[in-house]
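[1] 3D, please:
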Amino acid sequence: QVRLVESGGGLVQPGESLRLSCKASGFNMDTYAIGWWRQAPGRDREGVTCITSADGSTYDLETVKGRFTISRDNAKNEVYLQMNDLNPDDTATYYCAADPDARYYCTIYAPAHYHVWGQGTQVTVSS
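    Numbers count the residues shown, from 1 in each chain. As a prediction, this is how the structure comes out:
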């Protein structure tokens, strides 16, 4: 069964950090681009960052540049999202997703490109 499972969410205070993990099973993640998306209550789903399969290029939402870093460990079939200097606007359910057709370029603006989605992990930033 093809699955993505996110973990690492939680409740943190503004300025703190979290590291999310996305574990794949049932397929080899190394041939897929992986994106992190988020959705806050009452808001549309938003692409946060993605990493390509061929060369590890990354693309970030402007508001997370310099704070969030995506990385991948193909040997472990996992992708990570390091989130630093979190603020309340980052509060959302975070999802990872896999795009099989993005070797040298990935998108954070077209969720339809992503064929496999995880169930999400909640991140809450509050004082």
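
[2] residues in contact with Asp85?
    Gly15, Ser17, Arg67 (C-beta atoms under 8 Å, 6 or more residues apart in numbering). Quick note: C-beta positions are derived from backbone N, CA and C, even for glycine.

[3] would TSV of these with pLDDT be doable?
    Putting these into TSV (pLDDT from 0 to 100) gives the following:
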residue	pLDDT
Gly15	98
Ser17	98
Arg67	98
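
[4] can you tell me which of those lies nearest to Pro41?
    Closest to Pro41 out of the contacts of Asp85 is Arg67 (21.7 Å), distances taken as C-beta to C-beta.

[5] Name the helix or strand for the most centrally placed residue in the chain, please.
    Closest to where the C-alpha atoms of the chain average out (C-alpha atoms, centre = their mean) is Trp36, at 2.1 Å. Secondary structure from DSSP states H and E places Trp36 in strand 33-39.

[6] which secondary structure elements does that strand contact?
    Where contact means 3 or more C-beta pairs under 8 Å, 6 or more residues apart in numbering; DSSP states H and E, strand 33-39 is packed against strand 18-25, strand 46-51, strand 68-73, strand 78-83, strand 92-99.
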